[in-house]
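*Asks:* Give me a model of this one.
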Amino acid sequence: MEPSRTSPGGSETTRSGALPQEAAARSGGGSVDHAEIAKFEAMADAWWDPTGKFKPLHRLNPVRVRFIRDRLAARLGRDPEEAEPLRGLSILDIGCGGGLLAEPLARLGADVTGIDAAERNIAIARRHAESVGVRVTYLPCTAEDLAAQGAQFDAVLAMEVVEHVADLDTFFRAGSGLLKPDGTMVVATLNRTVKSFAFAIVGAEYVLRWLPRGTHDWRRFLRPSELARTLRSHGLDIKELAGVSYDPIGDSFSVSRDCGVNYMAVARHVGHQ
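*Replies:* Model (predicted):
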C-alpha cells in the first residue's frame, strides 16, 4: 500500500477528497474525475458478473433496492410489497454503471433514467436491459449536462458515486437542481473513519480481494456531517441516516445503526418533510 495516498494520517484534502492540485487536474472544472471514469470503463465488462470485480455491489444491491423502495413507497402512502409500488415515479440514477440498481427499480414500476460519464458503462447497461426486456433510459452524460437541460425527477439517486467525483459542490448543485421541489434524494457512500480504512480499503481490496486494489481512495470518503453540510449548502436537508453493516457469517449486508463504514442518507429540499 501507499500510505501517502490512502492512510488516515495523510495530507489535508479539499472537500472533494483530493489534494487541491489533483482535484483541478482530474475534474477539468466539473464533477467528473477522468481518472475514475477510465478506471471503471476498464472494468465495464464485469458489471453483471456476480462473482467478478463488482461482487460487493451485487451483495449490497438487495439492501439498496429495499431501502429506496420502502422510503419512496412510504412517501406515496403505498404498500412497498405490492407488485409495482413505484409506478408513476420518475427516478434518476446518477453514476448508474452497468444498471445494477436501475433495472430492479424499473421492475418496481418506476420510470428510470440512468446516467454515467463512462460511455462503456452505458453501452453495457443498454445491452443488458434489452436482453432481459427491462425498460430503462440510459444516457452517457453527467449530472451537470442533464441539469443544464432543465430535467427534473421525483427521486435522484447518488449511490456509491460521491466518493468518485472530483468536486462535491458541483455535483450536488446539479443534483439538487435535478430534484423536483417535493422530491427525494438518496445518497449512499463510505464514511471516512479508521474503521472504514480497515474494512473498505485493507479488508476489501488487500485481504479479501473483493475489489481491485486502488478502487477506493480513503481520503475521498465522506463523513455524514460533511455530507449534511454540503447538501444543506444546496438547499437539501438529511431526513434519515442509516448505516449498512456486513455479516461475514451470512455473507450479506443489512441496514443498521452503524454508520462507521457504509451509510445511506435520505434528503429533501429544505422545508419539505
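*Asks:* got a pLDDT number for the spatially most central residue of the chain?
*Replies:* Centroid-nearest residue in the chain: residue 159, 1.7 Å away (criterion: CA atoms, centre = their mean). What the model reports for residue 159 is a pLDDT of 95.
*Asks:* what sits opposite it in the beta ladder?
*Replies:* residue 188 (DSSP bridges).
*Asks:* Isn't it up against residue 101?
*Replies:* Yes. The pair residue 159 / residue 101 is scored as a contact, 6.0 Å apart, by CB atoms under 8 Å. Yep, even glycine has a C-beta here, placed from its N, CA and C like the rest.
*Asks:* shared neighbours of these two, anything?
*Replies:* 64, 93 (CB atoms under 8 Å, 6 or more residues apart in numbering).
*Asks:* Please enumerate the helices of the stretch 51-200 of the chain.
*Replies:* For the stretch 51-200 of the chain, the helices defined by DSSP state H, counting those that start in this stretch cover 55-76, 102-107, 119-132, 143-148, 168-177, 194-196.
*Asks:* Would you convert those helices into JSON lines that also reports mean pLDDT?
*Replies:* Formatted as JSON lines, the helices of the stretch 51-200 of the chain follow (pLDDT from 0 to 100):
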{"stretch": "helix 55-76", "mean pLDDT": "94"}
{"stretch": "helix 102-107", "mean pLDDT": "98"}
{"stretch": "helix 119-132", "mean pLDDT": "96"}
{"stretch": "helix 143-148", "mean pLDDT": "96"}
{"stretch": "helix 168-177", "mean pLDDT": "96"}
{"stretch": "helix 194-196", "mean pLDDT": "78"}
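*Asks:* Let me know which of the ones you listed is the nearest to residue 272.
*Replies:* helix 55-76 (10.1 Å; CB to CB).
*Asks:* name the helices or strands packed onto the closest one?
*Replies:* If you count contacts as 3 or more CB pairs under 8 Å, 6 or more residues apart in numbering; DSSP states H and E, helix 55-76 packs onto helix 102-107, strand 153-159, strand 179-190, strand 236-247, strand 252-256, strand 262-269.
*Asks:* can you tell which of these is closest to residue 91?
*Replies:* That would be strand 153-159 among the helices and strands packed on helix 55-76, by CB to CB, at 4.6 Å.
*Asks:* on that earlier part again, could you export the helices and strands packed on helix 55-76 as TSV, including distance to residue 33?
*Replies:* Output for those, formatted as TSV (distance: least, CB to CB, whole Å):
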stretch	distance to residue 33
helix 102-107	21
strand 153-159	14
strand 179-190	15
strand 236-247	22
strand 252-256	26
strand 262-269	20
